[in-house]
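*Asks:* Predicted model follows, preceded by the sequence.
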Amino acid sequence: MIHVAVVGAYGSAGVAVAQRLAEHDAVRLTLIDDGDPGGLCILRGCMPSKAVLSAGAHRHQARVDDRLVGTPSVDRERTIERKNAQISEFAAHRQAAVQALTDASDITFLQDSARFVDNRTLAVGDQRLTPDYIVIATGSTPSLPDLTGIETVDPTTSSELLERTTFPDSAVIMGFGAVGVEMAPYLSEVGDVDVTVIEHDERPLDYADPVYGDELLDLYEQSFNIDIHTQTIERAVEPTDDDGVRLEVTGPDGRYTITADELFAFTGRRPALDRLGLETTDMTPSSDWVQPTLQTRSNPQVFVAGDANGQRPILHVAKEEGHLAADNILAHARGDPLTEYTTTPHRVTFAGLGVYPYARIGMTAEEAAALDRETIVVSRAAADDGVFRVKDAPHGRATLVVDATDGTVLGYQGLHYHADVMVKTMQVAVETGLDVRELPDRAYHPTTPELLDGLFRAATTRLSA
């Protein structure tokens with residue numbers, strides 16, 4: 001019998017570890033968590049953000065549709081009340097799943113914080129545990145930049161925004177990654193806020209082909225009236241006399257200031273490790289402190305899964321890593337080789353309030369070229385397919401990358417209506433290595449996947465040339 005302790009048992013990675021190990025009679029489990037049931041995605045991330053973004057999406061589509069008379073307003077209190085009710089339901093489901101595990105034999109749940117006393121020992125309340133294996137699955141926490149004066153202005157994070165029913169007249173946003181891309185139009189559409197965004201690079205979406213960052217800039221400036229300062233860096237911030245903020249920045253034309261009623265920090269997240277007492281161990285968090293097998297480099301009997309390892313902060317990756325951590329614990333206990341975690345690059349960002357999401361699966365042409373693969377790249381604008389126009393969602397485009405030798409589908413990315421749904425179809429094509437010439441190039445009815453059909457036909461024609 002081996003004893004495994006899971007620290008952060010309510011999150012997606014922790015639950016995945018526990019569920020996989022609970023299948024084995026030779027494992028004694030101790031699950032530890034001092035938070036609310038659910039984890040980041042359910043309580044403060046994916047689900048609550050989509051709940052409020054959807055309200056903004058309805059308003060946006062009504063506002064830009066000239067067939068409709070008048071622009072509806074969003075009942076902010078009702079939006080938050082409905083979101084909270086939904087999240088409570090999801091959290092109860094997660095709690096029930098953990099409860100079902102703890103009802104099984106040899107599984108203990110401790111509602112308390114855990115702290116390392118040494119490499120092998122955890123202090124949990126007044127108990128001391130020395131399990132054979134420890135899994136750290138404590139998720140992540142908002143990360144604020146090291147900016148002069150930031151301690152004087154108390155910036156608002158995305159978690160706090162998801163509870164708001166009142167908004168300022170103006171806002172300046174630091175951070176234009178996935179969270180900023182999703183939250184900026186929410187402030188503009190639902191809050192009626194005059195929004196200014198600071199973008200460090202020439203364009204957002206640095207994980208996409210440049211054309212997609214440019215597409216998003218145009219969409220946000222034209223459809224949401226968001227002022228985006230590109231190639232601009234924050235230097236200092238201070239409160240104003242009227243309880244606003246003054247942000248000093250450096251842009252292409254030099255140093256200047258931006259004044260707004262409130263500062264929002266959507267500057268990413270970092271692993272939530274502060275309270276674990278890792279300083280009492282030989283484990284030192286860094287960019288490579290966790291191996292591909294999900295073991296820490298200095299202690300092979302401590303595994304780190306999900307956002308806590310700081311490598312791939314995505315819900316479904318957390319689940320996969322949780323399952324793999326469990327499998328590798330069992331393999332290590334048997335003396336068998338361990339498996340390294342690998343995944344096909346994938347990403348979904350709910351840009352444009354989810355009306356115009358960005359989605360990607362597999363390789364870009366640039367990444368394929370780095371692997372010496374000759375490719376055929378085809379692109380198509382959403383407006384080229386009439387179905388997007390008649391559905392009043394004409395913006396965006398998509399790109400398909402295939403191997404020029406054998407037609408294997410290598411990658412897809414799109415920023416358009418329903419891109420988040422279509423990426424599942426493309427995942428099947430990419431991860432099973434399908435030949436684009438074997439994919440059906442027809443829709444059974446006028447629907448938005450006609451965009452994919454056009455890409456398949458264009459790539460097939462190029463392969464045949």
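*Replies:* Yep, it's here. In this text, all values refer to a predicted model and were calculated from it rather than measured experimentally.

*Asks:* pull the helix or strand with minimum mean pLDDT from the protein.
*Replies:* Least confident helix or strand of the chain, by mean pLDDT, DSSP states H and E, is helix 39-43 with a mean of 65.

*Asks:* Touching the host helix or strand of S159 from outside, list them.
*Replies:* Per DSSP states H and E: S159 is located in helix 158-161. Contacts with helix 158-161, where a contact means Cβ atoms under 8 Å, 6 or more residues apart in numbering, come from R44, S49, P142, V179, M183, Y186, L187, F264, F266. Any C-beta I mention is one placed from the backbone N, CA and C, and that applies to glycine too.

*Asks:* The next helix or strand after it pairs with which strands, and in what direction?
*Replies:* Using DSSP H and E, the helix or strand that follows helix 158-161 in sequence is strand 170-174. Here strand 170-174 has these sheet partners by DSSP bridges: strand 194-198 (parallel), strand 262-265 (parallel).

*Asks:* Past the helix or strand harbouring A96, which element shows up next along the chain?
*Replies:* Assigned by DSSP H and E, A96 belongs to helix 76-102. Using DSSP H and E, the helix or strand that follows helix 76-102 towards the C-terminus is strand 107-110.

*Asks:* what comes up buried for that next one?
*Replies:* Under the neighbour-count criterion of 16 or more other Cβ atoms under 10 Å, strand 107-110 has I107, F109, L110 buried.

*Asks:* domain ranges for the protein?
*Replies:* Domains of the chain are assigned by automatic domain parsing as 2-142+270-334, 150-267, 357-464.

*Asks:* and of the ones you listed, who's closest to V348?
*Replies:* When the domains of the chain are compared by Cβ to Cβ, domain 357-464 sits nearest V348, at 4.8 Å.

*Asks:* distance between the ends of that closest one?
*Replies:* Chord length of domain 357-464, first to last residue, is 32 Å (Cα to Cα, to the nearest Å).

*Asks:* before we move on, the earlier item: which stretch among the strands paired with strand 170-174 comes nearest Y133?
*Replies:* Proximity to Y133 (Cβ to Cβ) singles out strand 262-265 among those, at 36.3 Å.

*Asks:* Does I80 touch V190 like I think?
*Replies:* No. I80 is beyond contact range of V190, at 10.5 Å (criterion: Cβ atoms under 8 Å).

*Asks:* Give me the below-cutoff pLDDT ranges for this structure.
*Replies:* Judged by pLDDT under 70, the chain has its weakly predicted residues at 36-44.

*Asks:* Just give the number of residues close to the closest residue to G244 other than its chain neighbours.
*Replies:* Leaving aside its sequence neighbours, G244 sits nearest to D261 (Cβ to Cβ, 6 or more residues apart in numbering; 4.8 Å). When neighbours are defined as other Cβ atoms under 10 Å, D261 has 17 of them.

*Asks:* D261 and V193: what is the separation?
*Replies:* Using Cβ to Cβ, to the nearest Å, one gets 8 Å for the distance from D261 to V193.

*Asks:* Find residues that contact each of the two.
*Replies:* With Cβ under 8 Å, 6+ apart, D261 and V193 have common neighbours P168, D169, S170, A171.

*Asks:* isn't the last one right next to T259, touching?
*Replies:* Translated: A171. No. Between A171 and T259 there is no contact under Cβ under 8 Å: 11.1 Å.

*Asks:* who has more neighbours, these two?
*Replies:* A direct count of neighbours by other Cβ under 10 Å for A171 and T259 places A171 higher, at 25 against 13.

*Asks:* quick one, what contacts that one?
*Replies:* By Cβ under 8 Å, 6+ apart, A171 lies in contact with L187, G191, V193, D194, V195, T196, A260, D261, E262, L263, F264.

*Asks:* any idea which helix or strand carries the residue lying closest to V17 once chain neighbours are set aside?
*Replies:* Counting by Cβ to Cβ, 6+ apart, G322 is the residue found nearest to V17 once chain neighbours are left out, at 4.4 Å. If you go by DSSP H and E, G322 is part of helix 315-334.

*Asks:* hey, C-alpha coordinates of that helix in PDB?
*Replies:* What follows is helix 315-334, C-alpha atoms only, in PDB (Å, rounded to 0.1, in the frame of the first residue of the first chain):
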ATOM      1  CA  LEU A 315      -8.100  23.700 -17.700                       C
ATOM      2  CA  HIS A 316      -8.000  20.600 -19.900                       C
ATOM      3  CA  VAL A 317      -4.200  20.400 -19.600                       C
ATOM      4  CA  ALA A 318      -4.600  20.400 -15.800                       C
ATOM      5  CA  LYS A 319      -6.900  17.400 -16.100                       C
ATOM      6  CA  GLU A 320      -4.500  15.600 -18.400                       C
ATOM      7  CA  GLU A 321      -1.600  16.300 -16.100                       C
ATOM      8  CA  GLY A 322      -3.500  15.100 -13.100                       C
ATOM      9  CA  HIS A 323      -4.200  11.800 -14.800                       C
ATOM     10  CA  LEU A 324      -0.600  11.500 -15.900                       C
ATOM     11  CA  ALA A 325       0.700  12.400 -12.500                       C
ATOM     12  CA  ALA A 326      -1.400   9.600 -11.000                       C
ATOM     13  CA  ASP A 327      -0.200   7.100 -13.600                       C
ATOM     14  CA  ASN A 328       3.500   8.100 -13.100                       C
ATOM     15  CA  ILE A 329       3.200   7.700  -9.300                       C
ATOM     16  CA  LEU A 330       2.000   4.200  -9.800                       C
ATOM     17  CA  ALA A 331       4.800   3.500 -12.300                       C
ATOM     18  CA  HIS A 332       7.400   5.000 -10.000                       C
ATOM     19  CA  ALA A 333       6.200   2.800  -7.100                       C
ATOM     20  CA  ARG A 334       6.500  -0.300  -9.400                       C
END
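
*Asks:* Tell me the helix or strand right after it.
*Replies:* strand 346-349.

*Asks:* Can you list the strands that that next one pairs with?
*Replies:* Strand pairing for strand 346-349, using DSSP bridges, gives strand 358-362 (antiparallel).

*Asks:* Wait, V124 touches Q111, no?
*Replies:* No. Using Cβ under 8 Å, V124 is not in contact with Q111; the gap is 9.7 Å.

*Asks:* Between those two, tell me which one has more neighbours.
*Replies:* V124 (18 against 13).

*Asks:* which residues sit in contact with that one?
*Replies:* By Cβ under 8 Å, 6+ apart, the contact list for V124 reads I32, L110, D112, S113, A114, R115.

*Asks:* Can you tell me which of these are buried?
*Replies:* Buried among the contacts of V124 (16+ other Cβ under 10 Å): I32, L110, S113, A114.

*Asks:* how close does the residue positioned nearest the centre of the chain get to Y356?
*Replies:* Per Cα atoms, centre = their mean, the C-alpha nearest to the average position across the chain is that of I314, at 4.9 Å. As judged by Cβ to Cβ, I314 and Y356 stand 20 Å apart.
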